[in-house]
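Enquirer: Coordinates for the following, if possible.
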Amino acid sequence: MITRRDTIVALIAFTAAATLTAFAETDGKSILHCAIFNWKNLKVETKPSGERRAVFDSPTATLDRLECHITTLNPGESPHAPHRHPEEELMLVKEGTVEEIFEGQTNRVDAGGVIFCASNELHGMKNIGTNQATYFVIKIYPHGLNTNRVAGTASPESH
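Expert: Numbers count the residues shown, from 1 in each chain. Okay, the predicted model is just below:
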């Protein structure tokens, strides 16, 4: 016969195991919940090509990792050479005009444009305008994605 004490002990053990599993799956990082990130509060990191603002980089309830940052490119600059990576990426052009290269094909994207970079497809960007170009980058890492990088590919923080 299962006693009330047995039920409580089993419930505590199950809760502890679930908590430890969730903690291990997120590498100790907290799950991202609803949040606000105001532009004026974002730390600016100066780069040779312009600026970068980290917004967040965390696991979510449905993803191993969701990362967002904002890049500002000076005229004529690229954040890096064309590259490919396993995660998918969405970029929203806030201001300026950029050139996005997909598998060797050049595309012009103006302010308000949206760019989707599929997993493992070659892509690259350059500011082709006369003013700075700013765009938001959202990188999506689903559960189970192998993020081992091939030599010569860009790091996740590179855009």
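
Enquirer: so where do the helices sit in this protein?
Expert: Assigned helices in the chain, in chain order: 4-25 (criterion: DSSP state H).

Enquirer: Residue 82 - nearest residue in space that isn't next to it in sequence?
Expert: residue 124 (3.1 Å; C-beta to C-beta, 6 or more residues apart in numbering). All C-beta atoms are positioned from the backbone trio N, CA, C, and that covers glycine.

Enquirer: Does that neighbour touch residue 85 like I think?
Expert: No - Residue 124 is beyond contact range of residue 85, at 12.0 Å (criterion: C-beta atoms under 8 Å).

Enquirer: Around the residue nearest to residue 82, how many other residues sit close by?
Expert: Neighbour count of residue 124, defined by other C-beta atoms under 10 Å: 19.

Enquirer: Who does it form a beta bridge with?
Expert: With DSSP bridges as the criterion, residue 124 is bridged to residue 101.

Enquirer: tell me the contacts of it?
Expert: Residue 124 sits next to 78, 80-83, 100-101 when contact means C-beta atoms under 8 Å, 6 or more residues apart in numbering.

Enquirer: pLDDT at it, what is it?
Expert: Note on residue 124: pLDDT of 97.

Enquirer: With residue 5 instead?
Expert: 53.

Enquirer: who's residue 50 bridged to?
Expert: Bridge pairing for residue 50 - DSSP bridges - gives residue 47, residue 73.

Enquirer: how many neighbours does it have?
Expert: Residue 50 - counted by other C-beta under 10 Å - has 19 other residues nearby.

Enquirer: so it makes contact with residue 73?
Expert: Yes - the criterion here is C-beta under 8 Å, and residue 50 meets it with residue 73 at 4.5 Å.

Enquirer: Overlap of the contact sets of these two?
Expert: Residues touching both residue 50 and residue 73 (C-beta under 8 Å, 6+ apart) are 79, 127, 132.

Enquirer: Hmm, the first one is touching residue 69, no?
Expert: Right, residue 79. No - assessed by C-beta under 8 Å, residue 79 is found out of contact with residue 69, at 10.5 Å.

Enquirer: Quick check: the gap between residue 52 and residue 45.
Expert: For residue 52, the distance to residue 45 equals 5 Å [C-beta to C-beta, to the nearest Å].

Enquirer: No more questions from me, cheers.
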